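Undergrad: can't give you the sequence, but here's the structure:
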């Protein structure tokens, strides 16, 4: 099957976790701002039909969208832990040679070094005055992203243990071994 993805999974995890959280935060922030701005600019409008209630229309359309986007707070955490699980499964499915153990260790060390400024940059954005209140609701994602070097270390070394503990298992099964 020639699976070689386990070596780059840590970098993909860091990038996609950051993107998932940032997009989720922006969706929640923008939906709240749009709903507030619609109420501000349209609540006092009058129409030819006196039974038209603009505030109710806004609440039934954008208000429901804003409420549904609140689910992104826990969906982002499940996506992050799903990616961690997929790294472990991918490590299990990859059969590699022992010679790749040293490059894998170097890749994990580079990923740990890259995760430190990423976690610091996340903390800077999280403490921003504009988006800070939106980030406050992402307690699980904040915990993962602020402790990203620790997570990368655990995921990298656990994935390596899973991957390199299976060395030669597929070859044994191909020749009728147990």
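TA: Happy to help now that I have it. Since the structure is predicted, the reported quantities are computational estimates derived from the model, not experimental observations.
Undergrad: please count neighbours and contacts with C-alpha atoms only from this point.
TA: Noted.
Undergrad: verify the stated contact: residue 94 with residue 163.
TA: Yes. Using Cα atoms under 8 Å, residue 94 is in contact with residue 163, at 6.3 Å.
Undergrad: where exactly do the strands run in the chain?
TA: Here the chain has no strands by DSSP state E.
Undergrad: any stretches of it with poor pLDDT?
TA: 1-6, 167-178 (pLDDT under 70).
Undergrad: 50 instead, please
TA: 1, 178 (pLDDT under 50).
Undergrad: where along the chain do the helices fall?
TA: Applying DSSP state H to the chain gives helices spanning 9-42, 54-58, 64-69, 72-93, 101-126, 132-136, 139-146, 148-165, 169-174.
Undergrad: so which of those helices gets nearest residue 48?
TA: Residue 48 lies closest to helix 54-58 among those, at 12.3 Å (Cα to Cα).
Undergrad: just put the helices of the chain in CSV and tack on mean neighbour count and distance to residue 48.
TA: Shown next, in CSV, are these (neighbours: other Cα atoms under 10 Å; distance: least, Cα to Cα, whole Å):
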stretch, mean neighbour count, distance to residue 48
helix 9-42, 17, 15
helix 54-58, 15, 12
helix 64-69, 16, 26
helix 72-93, 19, 39
helix 101-126, 16, 46
helix 132-136, 17, 38
helix 139-146, 18, 47
helix 148-165, 19, 57
helix 169-174, 11, 75
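Undergrad: tell me how far residue 48 lies from residue 57.
TA: Applying Cα to Cα, to the nearest Å, the value for residue 48 to residue 57 is 16 Å.
Undergrad: apologies, that question was intended for residue 36.
TA: From residue 36 to residue 57 the distance is 13 Å (Cα to Cα).
Undergrad: for residue 71, same thing?
TA: Separation of residue 71 from residue 57 (Cα to Cα): 22 Å.
Undergrad: and for residue 43?
TA: Taking Cα to Cα, one finds residue 43 at 10 Å from residue 57.
Undergrad: same question, residue 164
TA: From residue 164 to residue 57 the distance is 59 Å (Cα to Cα).
Undergrad: likewise for residue 88?
TA: On the measure of Cα to Cα, residue 88 and residue 57 end up 47 Å apart.
Undergrad: and residue 34, by the same measure?
TA: 14 Å.
Undergrad: same thing with residue 23?
TA: For residue 23, the distance to residue 57 - Cα to Cα - is 26 Å.
Undergrad: likewise residue 15?
TA: 38 Å.
Undergrad: could you do residue 142 as well?
TA: In terms of Cα to Cα, residue 142 sits 34 Å off from residue 57.
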